[in-house]
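> Take this sequence and fold it.
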Amino acid sequence: MKERIKEILSRGPSEEVLVVDGWVRTKRDSKNVCFLEVNDGSVVKGLQVVIDKASFNNDELLSSVTTGTAVECTGRLVASQGGAQSVELALSKLDVVGPCPADYPLQKKRHSIEFLREIAHLRGRTNMIGAAMRVRSSLAYAIHSYFQDRGFTYINTPLITTSDCEGAGETFQVTTLDLEAPPRKEDGSVDYSKDFFGKKASLTVSGQLEGETYALALRDIYTFGPTFRAENSNTTRHLAEFWMVEPEMAFCDLDGDAEVAEDFLKHIFSYVLEHCSSDMDFFDSFVLKGNIDTLRHVIETPFARMTYTDAIAELEKVNSRFEFPVHWGSDIQTEHEKFLTEEVCHSPVIVTDYPKEIKAFYMKQNDDGRTVRGMDVLVPRLGEIIGGSEREADYDKLLGRIRELGLEEKDYWWYLETRRFGSVPHSGFGLGFERAVQYVTGIANIRDVIPYPRYVKSAEF
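All right, here's what the predicted structure looks like:
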């Protein structure tokens, strides 16, 4: 394979002849010299290519090279005369691989992020989106390496399911029935026995339940795949299609779950700072100043721990400050999460033992009958970044909770059976991958950290 520009920029001057491929980002022309910035997507800053017009002697070819043109440049690395880079390519040969007309939408000017979403098929060529995708890739590698190095088994859970893990009903239905004239039962309801799967099915909102069954066979597992939620939310924090990281650990209680979550976040943040330094410097300079310091603070600071009850007591002291005042039993909003991390604890916080009424059916019930062994991991600036729990391992308690919430018992028969056959304490958590990329980069809108965002009224490209 040819050397990428990222590696070439780390070299020194040499007599070796190099062949560099990429796209022209900018072109600066003068009477005697032409400068091209060529980028191949491997790094924020491209390679400067210097063309001596007297020796090149092909004005027609040079005039055909415009912003966006794909080129192959042959030459030697020489010490740069400018201060922006240490080396540049002294061109000896230029080939146009793919011409680019004048209506190319990414000209040398600042484009709004909203405009870039309209050309998502091209926005990867910009500095910000290109850097975001490189960080996303490195973050994904760090996630896999973290679990693989610790003996976890990677499990692919189904994308099509007949049970709703969260019980919220915000699912995308999967069907082959004729939507204009579906088969109906005598009572007029849709007859899903005639559907492809013989019952009502949807895209998954989480791989957790299936992941649990394999944790109870292989001990420590993780899933990392796409999930879907038909949540009618048009905010900077929500997508209809996103990726989730969900480890599940057998013979593990809530304290062990919290320890893994803290260690995991510190590992993946450290990896990105080490391996994506130029991209992270770009984000710190042009997207969110102080972002690197925030990540280092998370890495270097022990996470505080507090119960939900103690958190509410702290928040109630300053209830008048909040748009949504709190009381015991209410959910904790983003403004409360930021207050706890930035003003109460001055560190990331793991909040545990929530009221059972505001948490999912699968969480282990505490002896007080009011709370469950759930946790949220909160980080400064963002708020919640991980949600998890110790899972209910007792068959009767789990069945009772399913019935209490009015869920269809028959949809969870297989999940319940795992509590009959060798049930053990087990725990897990979920990390929204795009939320993590958003936090690491400082990018304000979650739609800009995924190649092709899916959200309300938008499924372009």
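> Where does pLDDT dip in the stretch 1-150 of the chain?
Within the stretch 1-150 of the chain, no stretch has pLDDT under 70.
> just the strands in it please.
17-29, 33-39, 47-52, 70-79, 87-98 (DSSP state E, counting those that start in this stretch).
> Skip the chain neighbours and tell me the closest residue to residue 192.
residue 200 (4.7 Å; CB to CB, 6 or more residues apart in numbering). To be clear about C-beta, it is placed using only N, CA and C from the backbone, and glycine gets the same treatment.
> From what I see, that neighbour and residue 172 are in contact.
No - with contacts counted by CB atoms under 8 Å, residue 200 stays clear of residue 172, the gap being 12.0 Å.
> one step back: can you put the strands of the stretch 1-150 of the chain in CSV and add mean neighbour count and distance to residue 119?
Output for those, formatted as CSV (neighbours: other CB atoms under 10 Å; distance: least, CB to CB, whole Å):
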stretch, mean neighbour count, distance to residue 119
strand 17-29, 17, 15
strand 33-39, 20, 17
strand 47-52, 20, 25
strand 70-79, 17, 17
strand 87-98, 16, 17
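> As CSV, those with distance to residue 414 would be great.
Below are the strands of the stretch 1-150 of the chain laid out as CSV (distance: least, CB to CB, whole Å):
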stretch, distance to residue 414
strand 17-29, 51
strand 33-39, 51
strand 47-52, 56
strand 70-79, 52
strand 87-98, 53
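> Residue 281 is nearest to which of those strands?
strand 33-39 (16.4 Å; CB to CB).
> can you list contacts of the closest one?
Strand 33-39 is contacted from outside by 5, 20, 22-29, 45-53, 56, 62, 65, 71, 73, 89, using CB atoms under 8 Å, 6 or more residues apart in numbering.
> so what strands line up beside it?
Strand 33-39 has these partner strands in its sheet, going by DSSP bridges: strand 17-29 (antiparallel), strand 47-52 (antiparallel).
> so which of the ones you listed comes closest to residue 131?
Of all the strands paired with strand 33-39, strand 17-29 sits nearest to residue 131, with 13.6 Å by CB to CB.
> ok and that closest one relative to strand 87-98, angle-wise?
Using axes from the mean of the first three to the mean of the last three CA atoms, to 10 degrees, one finds that strand 17-29 and strand 87-98 are set 80 degrees apart in direction.
> Using PDB, list the CA coordinates for strand 17-29.
Below are the C-alpha coordinates for strand 17-29, written out as PDB (Å, rounded to 0.1, in the frame of the first residue of the first chain):
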ATOM      1  CA  VAL A  17      10.800   9.800  -4.900                       C
ATOM      2  CA  LEU A  18       7.300   9.500  -3.400                       C
ATOM      3  CA  VAL A  19       3.900   9.100  -5.100                       C
ATOM      4  CA  VAL A  20       1.200  10.800  -3.100                       C
ATOM      5  CA  ASP A  21      -2.600  10.400  -3.800                       C
ATOM      6  CA  GLY A  22      -5.300  12.700  -2.500                       C
ATOM      7  CA  TRP A  23      -7.800  15.500  -3.100                       C
ATOM      8  CA  VAL A  24      -6.900  19.100  -3.500                       C
ATOM      9  CA  ARG A  25      -8.200  21.100  -0.600                       C
ATOM     10  CA  THR A  26      -6.800  24.500  -1.700                       C
ATOM     11  CA  LYS A  27      -4.800  26.000  -4.500                       C
ATOM     12  CA  ARG A  28      -2.700  29.100  -4.400                       C
ATOM     13  CA  ASP A  29      -1.300  30.500  -7.600                       C
END
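> I'd like the strands paired with strand 33-39 as CSV, with distance to residue 271 appended.
Formatted as CSV, the strands paired with strand 33-39 follow (distance: least, CB to CB, whole Å):
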stretch, distance to residue 271
strand 17-29, 27
strand 47-52, 26
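> Nearest to residue 410, out of these?
Among these, the nearest to residue 410 by CB to CB is strand 17-29 (55.9 Å).
> Residues in contact with that closest one: which ones?
Under the contact criterion CB under 8 Å, 6+ apart, strand 17-29 has outside partners 2-3, 5, 8, 34-41, 46-47, 49, 65-77, 89, 92, 97, 100, 108, 125.
> Quick one: end-to-end length of stretch 115-124, please.
End-to-end span of stretch 115-124 (CA to CA, to the nearest Å): 13 Å.
> if I pick the residue nearest to residue 192, what's in contact with it?
Contacts of residue 200 (CB under 8 Å, 6+ apart): 162, 173, 175, 192.
> biggest separation within those residues, which pair?
162 and 175 (12.0 Å).
> anything in contact with each of these two?
Taking CB under 8 Å, 6+ apart as the criterion, residue 162 and residue 175 both touch 200-201.
> Pop out the phi and psi values for residue 44.
phi -60, psi -50 (degrees, to the nearest 10).
> in terms of contact, does it touch residue 279 like I think?
Yes - using CB under 8 Å, residue 44 makes contact with residue 279 at a distance of 6.0 Å.
> which neighbours do those two share?
residue 131.
> Between the two, point out the one with more neighbours.
A direct count of neighbours by other CB atoms under 10 Å for residue 44 and residue 279 places residue 279 higher, at 23 against 18.
> Relative to residue 241, how far out is the residue nearest to that one when sequence neighbours are not counted?
Nearest residue to residue 279, sequence neighbours excluded (CB to CB, 6+ apart): residue 131, at 4.1 Å. Plainly put, residue 131 is 22 Å away from residue 241 if you go by CB to CB, to the nearest Å.
> who has more neighbours, these two?
For residue 131 versus residue 241, neighbours defined as other CB under 10 Å are more numerous around residue 131 (23 against 17).
> ok, that one to residue 443 distance?
9 Å.
> Kindly report the same for residue 32.
41 Å.
> Neighbour count: these two, which is higher?
residue 443 (24 against 8).
> In contact with that one: list those residues for me.
Neighbour list for residue 443: 128, 132, 283, 287-288, 437, 449 [criterion: CB under 8 Å, 6+ apart].
> residue contacts, the residue of the chain positioned farthest from its centre?
Ranked by distance from the centre of the chain (CA atoms, centre = their mean), the top residue is residue 54, with 49.8 Å. By CB under 8 Å, 6+ apart, the residues touching residue 54 are residue 32.
> do the one 10 residues further on as well
Contacts were defined as CB under 8 Å, 6+ apart; by that measure residue 64 touches 96, 99.
> Can you report how many residues neighbour residue 184?
Applying other CB under 10 Å, we find 11 residues neighbouring residue 184.
> got it, and residue 40?
Neighbours of residue 40 under the rule other CB under 10 Å: 18.
> same question, residue 133
A count of nearby residues for residue 133, using other CB under 10 Å, gives 18.
> repeat for the one 5 residues further on
Other residues near residue 138 number 20, with proximity taken as other CB under 10 Å.
> Residue 389 is in contact with residue 362, correct?
Yes - using CB under 8 Å, residue 362 is in contact with residue 389, at 7.4 Å.
> Quick check: the gap between residue 327 and residue 316.
7 Å.
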